[in-house]
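> Below are the sequence and a predicted model; questions follow.
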Amino acid sequence: MEAAGRVTPNSNDVNHGLARAVDAAGTAARNAIESASDAAPPLVDRVASGAHQAVDRIAGAAGQAVQSLDFKGEQFKVAQERVFEQCRSYVRANPMASLGIAVAAGYLLSRLLGSR
């Protein structure tokens, strides 16, 4: 039925229009998914590469720090042995002065620690 010049759409026309709209939306979604999946691997590769580079830089810095600490530790050990040997030589060369210094240091320490 047509009322006063209006054309009512046929239900088949509406169904076909909806089917075309659904197909178009599905095609657009598939295209978007394919574009995203094509773009994802390079992005993931770049992120992974950046992470690997950061880890490598941190590992390199840590390795250098360990080497530096090892070197400084050896230097400290050598300096400690040198000071100990100098003290030993002084005590052997000046036994009475060394004894006086030891007694004075002991007295001062006892006064400082005893006053607490």
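Cool, got the structure.

> By mean pLDDT, which helix or strand of the chain comes out lowest?
Here the helix or strand of the chain ranked lowest by mean pLDDT, DSSP states H and E is helix 11-93, holding a mean of 83.

> Quick check: next helix or strand after that helix?
helix 95-114 (DSSP states H and E).

> So what's the model's average confidence on that following helix?
Per-residue pLDDT values across helix 95-114 average out to 92.

> what does that helix contact?
Applying C-beta atoms under 8 Å, 6 or more residues apart in numbering, the contact partners of helix 95-114 are 90-91. Just so you know, the C-beta spots here come from the backbone N, C-alpha and C atoms, and that holds for glycine as well.

> what does stretch 78-93 give?
Stretch 78-93 has contacts (C-beta under 8 Å, 6+ apart) with S98.

> Output it as CSV, restricted to C-alpha atoms.
What follows is stretch 78-93, C-alpha atoms only, in CSV (Å, rounded to 0.1, in the frame of the first residue of the first chain):
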residue,chain,number,x,y,z
VAL,A,78,98.6,-2.2,48.2
ALA,A,79,98.3,1.1,50.1
GLN,A,80,97.2,-0.7,53.3
GLU,A,81,100.2,-3.1,53.0
ARG,A,82,102.6,-0.1,52.4
VAL,A,83,101.3,1.8,55.5
PHE,A,84,101.5,-1.3,57.6
GLU,A,85,105.1,-1.9,56.5
GLN,A,86,106.0,1.7,57.2
CYS,A,87,104.5,1.5,60.7
ARG,A,88,106.4,-1.8,61.3
SER,A,89,109.6,-0.1,60.2
TYR,A,90,109.0,2.9,62.4
VAL,A,91,108.3,0.7,65.5
ARG,A,92,111.5,-1.3,64.8
ALA,A,93,113.5,1.9,64.4
